[in-house]
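Chemist: Got a predicted model here, sequence first, then my questions.
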Amino acid sequence: MEPFTVVRGAAAPLLLPDVNTDVLAPGHSGRADLGAAAFAPLRYRPDGTDDPAFVLNDPRFRGAPILLAGRNFGCGSSREMAVWALVRLGVRCVIAPSFGDIFAGNCVQNGLLPATLDERAVRTLADAAADGGAFEVDLRTCAVTAPDGRTFAFEVDAAWRARLLEGLDDLGATLQRLQDITAFETADRARRPWVYDLPSTGAR
């Protein structure tokens, strides 16, 4: 997984509350590519063409690596595809007052930072984002800097922060303990050899 340290670029303001995972990755969008399907109910007109009123269809925010979102972003079902869809769009960080719990965990598993700021601060950042200027999100200092130089400290779980900085998903974090795991297995095999020498039943 690619480590997350600093991300710079436009921040797309989408301050709708309760944007759920069915909106982020709809199951019946008619689009095979997850990036193209992302936000389909908001992003496209009934005839399938881009809706110019949707923020990510605005030329200033196409490909924006930062998304400014409303409260309870990513609520709903636990589908990890919701995060995959955002990643396919090029999003590396979502800043919101609150997140769906499972969605936030899925973000970290896929190298996407879910950063928490209070609603007033998010609205201030959205105002500063209007012209498409470059923001900076620095996970090392847990701060986001607006184009006008104003800086806001955000919150992120300490364990998640460490994983994102090192680029570790669950498997990567486990492999960091491989030496300890091997040592335990060796000692356990000596204590309880019968556990490791069970005859095969031939079952598959």
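Modeler: Yep, it's here. Numbers count the residues shown, from 1 in each chain.
Chemist: all contacts plus neighbour counts: C-alpha atoms, from now on.
Modeler: Fine.
Chemist: quick one: least confident helix or strand in this protein?
Modeler: Lowest by mean pLDDT, DSSP states H and E among the helices and strands of the chain is helix 170-175, with a mean of 65.
Chemist: Restricting to C-alpha, output stretch 68-82 in CSV.
Modeler: Listed next in CSV are the C-alpha coordinates belonging to stretch 68-82 (Å, rounded to 0.1, in the frame of the first residue of the first chain):
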residue,chain,number,x,y,z
LEU,A,68,-14.6,17.9,1.7
ALA,A,69,-17.6,16.1,2.9
GLY,A,70,-20.7,16.4,5.2
ARG,A,71,-21.3,14.6,8.5
ASN,A,72,-21.7,10.8,8.6
PHE,A,73,-19.9,10.3,5.3
GLY,A,74,-19.8,6.7,4.2
CYS,A,75,-22.7,5.5,6.3
GLY,A,76,-24.8,2.6,5.2
SER,A,77,-23.6,-0.9,4.1
SER,A,78,-20.1,-2.1,4.7
ARG,A,79,-19.1,-2.5,1.1
GLU,A,80,-15.4,-1.9,0.6
MET,A,81,-16.1,-1.0,-3.0
ALA,A,82,-17.1,2.4,-1.8
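Chemist: so how far is Pro13 from Arg62?
Modeler: Taking Cα to Cα, to the nearest Å as the criterion, Arg62 is separated from Pro13 by 12 Å.
Chemist: Please identify which of those two sits among more neighbours.
Modeler: Of the pair Arg62 and Pro13, Pro13 is the one with more neighbours under other Cα atoms under 10 Å, namely 25 against 16.
Chemist: So which residues of the chain form helices?
Modeler: Taking DSSP state H as the criterion, the chain contains helices spanning 21-24, 34-37, 40-43, 81-89, 101-109, 119-128, 158-166, 170-175, 178-191, 193-196.
Chemist: And those, which one averages the lowest pLDDT?
Modeler: Lowest mean pLDDT within the helices of the chain: helix 170-175, a mean of 65.
Chemist: excluding its backbone neighbours, what's nearest Leu15?
Modeler: Sequence neighbours aside, Gly70 is the residue nearest to Leu15 in space, at 4.1 Å (criterion: Cα to Cα, 6 or more residues apart in numbering).
Chemist: In this structure that neighbour contacts Asp18, no?
Modeler: Yes - A contact is recorded between Gly70 and Asp18 when judged using Cα atoms under 8 Å, the distance being 7.0 Å.
Chemist: The two: who's more crowded?
Modeler: For Gly70 and Asp18, the more surrounded residue by other Cα under 10 Å is Gly70, and the numbers stand at 24 against 18.
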